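> Predicted model and sequence follow; I will ask about them next.
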Amino acid sequence: MSMAKPLSKLMSCVILDLDGTLINTDGIVCDVLRVHLVKFGKKWDGKRAHRIVGKTPYEAAAAIVEVYELPVTADEFLSELTPIFSKKWGSIKAQPGANRLINHLRSHGVPIALASNSSKENVETKISFHRGWKESFSVILGGDEVTNGKPSPEIYLEAAKRLKMDTSTCLVIEDSLPGVTAGKAAGMEVVAVPSLPKQTDVFTSADEVINSLLDLKLERWGLPAFEDWVEGTLPIEPWSIGGPVIKGFGRGSKVLGIPTANLSTEAYSDVLSEHPSGVYFGWAGLAGRGIYKMVMSVGWNPYFNNSEKTIEPWLLHDFDEDFYGEDLRLVIVGYIRPEANFPSLESLVAKIHEDKKIAEEALELPLYLKYRDDSYLNTSSKQNC
């Protein structure tokens, strides 16, 4: 997913949002609210997360009090949650691609500012758990340092002022609609990276909408391009997932002609929430059978419009029989592309086969081949596949 207008301006600096853009705050917030609302006899509904994304802490608290009709004021609710959140800041993980982006901009001497609706104290506390971040930013601004938070442009205008940059040369990267609105009102170019699924259509004011920071093309904005793509693939920090193979949607072999080995997402929802939707590849271990190359999709599969985030691996090997119930372990080592919709089933199938070819060839590279011996794959018999 990438919707971009033609490059018309050269950017000189980058201003980043924090929560949801650089760090996966949404997961922590949802976990806390899921537990805390039980106190009021309420059940957190993740579908209402859009009511609080991008808001100041007080605005978010007020929205929850209103939506769930809680018998407390916004101030009281916020005072209850603040100490709970404070204990969890150290466990918030960086979004995939965040360290890569910050390190890249810093190494190329591109001025970077951080502008968040969170308080300055909370911002500095959160980034203190991420090595090298604080010193990478020329400017760090919290929502309590301006009169009006996002969607007001004030915080972005102040960031540009402190950077000594003209607003027209500032590139903003944001995950929320209030943030995008603020950046555009400040006269800046804005790239939206929605932190909530299936939200692309609401970001019409953004200059570009991308699936994740992994898909950011800085050269489109006149900034130094990333140079870490290898033969159509992006090396990532390896991650793993596994479990018994289950029957999926019945469309892999029957509809697509592509036999996927589906895994249940119930036990791995937290793991999947940490990784952007898209097409990945790596190694698959089947207990008692061997280790195989694999390519997989993670996400909602726009063509079929899944109702939940799924993981659908395709083991690149011809099997004589099904292996439902067998233990499958995956080590994911690289990224190919974001999820995308297609005008026809034929074009979708063609793209999947293109992904297969890219993965097969890339996994022969020493960069990725070494992970074939990862102990997590844990198969009883290893064979060349």
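That came through fine.

> Tell me how far residue 237 lies from residue 99.
9 Å (CB to CB, to the nearest Å). For glycine as for every other residue, the C-beta is placed from the backbone atoms N, C-alpha and C.

> List the contacts of stretch 76-84.
Contact with stretch 76-84 is made by 32, 36, 57, 58, 61, 64, 65, 70, 72, as judged by CB atoms under 8 Å, 6 or more residues apart in numbering.

> where exactly do the strands run in the stretch 151-300 of the chain?
170-174, 189-192, 208-210, 234-246, 262-263, 278-286, 290-299 (DSSP state E, counting those that start in this stretch).

> Quick one: list the elements packing against the second one.
Spelled out, that is strand 189-192. Strand 189-192 makes packing contacts with strand 170-174, helix 177-185, strand 208-210 when contacts are defined by 3 or more CB pairs under 8 Å, 6 or more residues apart in numbering; DSSP states H and E.

> pull the CA atoms of that strand into PDB?
Taking C-alpha atoms only, strand 189-192 is exported to PDB below (Å, rounded to 0.1, in the frame of the first residue of the first chain):
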ATOM      1  CA  GLU A 189       4.500  17.500   3.400                       C
ATOM      2  CA  VAL A 190       3.100  14.600   5.300                       C
ATOM      3  CA  VAL A 191       3.600  10.800   5.000                       C
ATOM      4  CA  ALA A 192       0.900   8.900   6.800                       C
END
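
> So for that strand, mean pLDDT?
Mean per-residue pLDDT for strand 189-192: 97.

> now that strand, how far from the chain's geometric center?
16 Å (CA atoms, centre = their mean, to the nearest Å).

> Can you list the strands that that strand pairs with?
When pairs are called by DSSP bridges, strand 189-192 turns out to pair with strand 170-174 (parallel), strand 208-210 (parallel).

> which of the ones you listed sits most buried?
Mean neighbour count, computed with mean count of other CB atoms under 10 Å, is highest for strand 170-174 among the strands paired with strand 189-192, reaching a mean of 27.

> show me where the stretch 101-250 of the chain has helices.
120-127, 154-163, 177-185 (DSSP state H, counting those that start in this stretch).

> Put together CSV for the helices and strands packed on strand 189-192, with distance to residue 314 and mean pLDDT on each row.
Output for the helices and strands packed on strand 189-192, formatted as CSV (distance: least, CB to CB, whole Å; pLDDT from 0 to 100):
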stretch, distance to residue 314, mean pLDDT
strand 170-174, 32, 98
helix 177-185, 35, 97
strand 208-210, 25, 96
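
> nearest to residue 93, of those?
With respect to residue 93, and counting by CB to CB, the nearest of the helices and strands packed on strand 189-192 is strand 170-174 at 17.8 Å.

> Just give me the neighbour total for residue 266.
Neighbours of residue 266 under the rule other CB atoms under 10 Å: 9.

> Can you add distance to residue 105 and give the strands paired with strand 189-192 back as a markdown table?
Formatted as a markdown table, those follow (distance: least, CB to CB, whole Å):
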| stretch | distance to residue 105 |
| --- | --- |
| strand 170-174 | 10 |
| strand 208-210 | 16 |
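
> For residue 141, which of the ones you listed is the nearest?
Per CB to CB, nearest to residue 141 of those: strand 170-174, 12.5 Å.

> what distance separates that closest one from the centre of its chain?
On CA atoms, centre = their mean, the centre of strand 170-174 falls 17 Å from that of its chain.

> try stretch 17-25
So, by CA atoms, centre = their mean, the centroid of stretch 17-25 is 9 Å from its chain's centroid.

> For that stretch, buried residues please.
17, 18, 19, 20, 21, 22, 23, 24, 25 (16 or more other CB atoms under 10 Å).

> export those residues to TSV and tack on secondary structure and distance to residue 141?
Listed next are the buried residues of stretch 17-25 as TSV, based on DSSP: H, G, I helix; E, B strand; the rest coil; distance: CB to CB, whole Å:
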residue	secondary structure	distance to residue 141
17	coil	11
18	coil	10
19	strand	13
20	coil	16
21	coil	14
22	coil	14
23	strand	16
24	coil	21
25	helix	17
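
> which one of these is nearest residue 184?
residue 17 (13.5 Å).

> right, and the closest one touches residue 174 too?
Yes: Residue 17 is within contact range of residue 174, at 4.7 Å (criterion: CB atoms under 8 Å).

> how about the chain, which residue sits the furthest from its center?
Note on the chain: the largest C-alpha distance from the chain mean falls to residue 320, namely 36.7 Å (CA atoms, centre = their mean).

> any weak-confidence spans in the stretch 151-300 of the chain?
Scanning the stretch 151-300 of the chain with the threshold set as pLDDT under 70 gives 248-256.

> Kindly report the same for the stretch 1-150 of the chain.
1-8, 46-48, 50.

> do that again at 80, thanks
Across the stretch 1-150 of the chain, the ranges flagged by pLDDT under 80 are 1-9, 26-27, 30, 45-56.

> Could you point out the longest helix of this protein?
The helix that spans the most residues within the chain, counting by DSSP state H, is helix 345-362.

> Helix or strand next in line after it, which one?
Counting by DSSP states H and E, the next helix or strand C-terminal to helix 345-362 is helix 366-369.

> I'd like the distance between the spatially most central residue of the chain and residue 236.
Centroid check for the chain by CA atoms, centre = their mean gives residue 276 as the closest residue, at 3.9 Å. Between residue 276 and residue 236 the distance is 10 Å, computed by CB to CB.

> ok, back up a step: of the contacts of stretch 76-84, just the buried ones, ChimeraX syntax please.
Buried subset of these, written as a ChimeraX selection, criterion 16+ other CB under 10 Å:
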select :32,36,57,61,64,65,70
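
> Filter the contacts of stretch 76-84 down to the ones in helices?
32, 36, 57, 58, 61, 64, 65.

> for those residues, which one is nearest residue 312?
For the ones in helices among the contacts of stretch 76-84, the nearest to residue 312 is residue 32 (30.8 Å; CB to CB).

> quick one: the closest one and residue 88 touch, right?
Yes: under the criterion of CB under 8 Å, residue 32 makes contact with residue 88 at 7.0 Å.

> So which of the helices and strands packed on strand 189-192 is nearest residue 337?
Of the helices and strands packed on strand 189-192, nearest to residue 337 by CB to CB is strand 208-210, at 11.4 Å.
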